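Novice: From the sequence below, what's the structure:
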Amino acid sequence: MRFLFVGDSMTIGRAGDYSWRYRMWQHLASLGEPYEIVGPRTTLYDTEANAPVSHAYADPAFPAGARRHLAGWGEGWLHMAPVIGETVAAEKADILLVSLGLIDLGFYTDSDQTAANAREFVARAREADPHVRMVLLPVIPNIRAASDAPFAAECDRFNVLLAKAVADLDTPTSPILLASRPPSYDIHQDTYDGTHPGPTGEHKLAAAFADAMHQAWGLGRAYRAAAQRTTVSR
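Specialist: Numbering: from 1, shown residues only. Modelled structure (predicted):
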């Protein structure tokens, strides 16, 4: 299986992060089954340079090949829908692990347009590969939602629309899963700023994808709770 991580700032990570992509790589490597992580990008976001130019992962031993992704700080469904087809074709991705939407709702589009962009994303991915699989993570409302009721409502409404899109678009030949928001995810404990995951949040996001694939497709195994203990702190 060839996995492609697609996401926004929560997925690309910043200089000094492990990233949930790293946690997912650990999980995949532990399965003892053939896999590859693919994607046209490898870097983290550098806050000082205000650009995705950093290679300073928290674990320098994170293999170069496993660092690949299609994620960007400030990028959402709006930005990924136009490029996902060419990326799936070029990278020959089999499974897309997608975490998008928060940045769209926060800065670019309302819930209806964001959901429309998600459907466009699916269509373009399938044009490139009619058998591609996808796992989509609902938006996890961030600290802004705690004080901005209209934004919180848009996040909730988008998640309803995303669930409907998955129900409408799922097919036997190109299955789509809606992962579950980690039930214990706490933005005050699992993020470093109310939005971006810290080490515990990274584990929980990786677990959401791993468990969805295991439960629905029998792929791999459940994410091991023991692996969620973080041995290196920021």
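Novice: so where do the helices sit in the chain?
Specialist: Using DSSP state H, the helices assigned to the chain run over residues 9-12, 20-30, 77-91, 102-103, 111-128, 143-147, 149-169, 199-217.
Novice: closest one to residue 54 among those?
Specialist: Closest approach to residue 54 among those (C-beta to C-beta): helix 9-12, 9.8 Å. No exception for glycine: its C-beta is placed from N, CA and C like everyone else's.
Novice: start to end distance for stretch 177-195?
Specialist: One end of stretch 177-195 to the other measures 23 Å (C-alpha to C-alpha, to the nearest Å).
Novice: Test for you: state the pLDDT assigned to residue 225.
Specialist: You'll see residue 225 listed with a pLDDT of 55.
Novice: Begin at 178, not 1, for the rest of this chat.
Specialist: Renumbered: residue one is now 178, and that last one reads residue 402.
Novice: So what sits opposite the residue most central in space within the chain in the bridge?
Specialist: Residue closest to the mean C-alpha point of the chain, counted by C-alpha atoms, centre = their mean, is residue 276 at 3.0 Å. For residue 276, the beta-bridge partners are residue 184, residue 314 (DSSP bridges).
Novice: who's in contact with it?
Specialist: 183-185, 187-188, 314, 382 (C-beta atoms under 8 Å, 6 or more residues apart in numbering).
Novice: Pipe the helices of the chain into JSON lines and attach mean pLDDT per row.
Specialist: JSON lines is the format used below for the helices of the chain (pLDDT from 0 to 100):
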{"stretch": "helix 186-189", "mean pLDDT": "98"}
{"stretch": "helix 197-207", "mean pLDDT": "97"}
{"stretch": "helix 254-268", "mean pLDDT": "98"}
{"stretch": "helix 279-280", "mean pLDDT": "98"}
{"stretch": "helix 288-305", "mean pLDDT": "98"}
{"stretch": "helix 320-324", "mean pLDDT": "95"}
{"stretch": "helix 326-346", "mean pLDDT": "98"}
{"stretch": "helix 376-394", "mean pLDDT": "97"}
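Novice: From residue 258, how far off is the residue nearest to the centre of the chain?
Specialist: 15 Å (C-beta to C-beta, to the nearest Å).
Novice: cool, residue 375 as well?
Specialist: Per C-beta to C-beta, residue 375 is found 29 Å from residue 258.
Novice: again with residue 358
Specialist: For residue 358 relative to residue 258 (C-beta to C-beta), the value is 22 Å.
Novice: Name the residue in the two with the higher neighbour count.
Specialist: Ranked by neighbour count (other C-beta atoms under 10 Å), residue 358 and residue 258 place residue 258 first, with 20 against 16.
Novice: quick one, phi psi at the nearest residue to residue 244 once chain neighbours are set aside?
Specialist: Closest residue to residue 244 apart from its sequence neighbours, by C-beta to C-beta, 6 or more residues apart in numbering: residue 219 at 4.3 Å. Main-chain torsions, residue 219, degrees, to the nearest 10: phi -140, psi -10.
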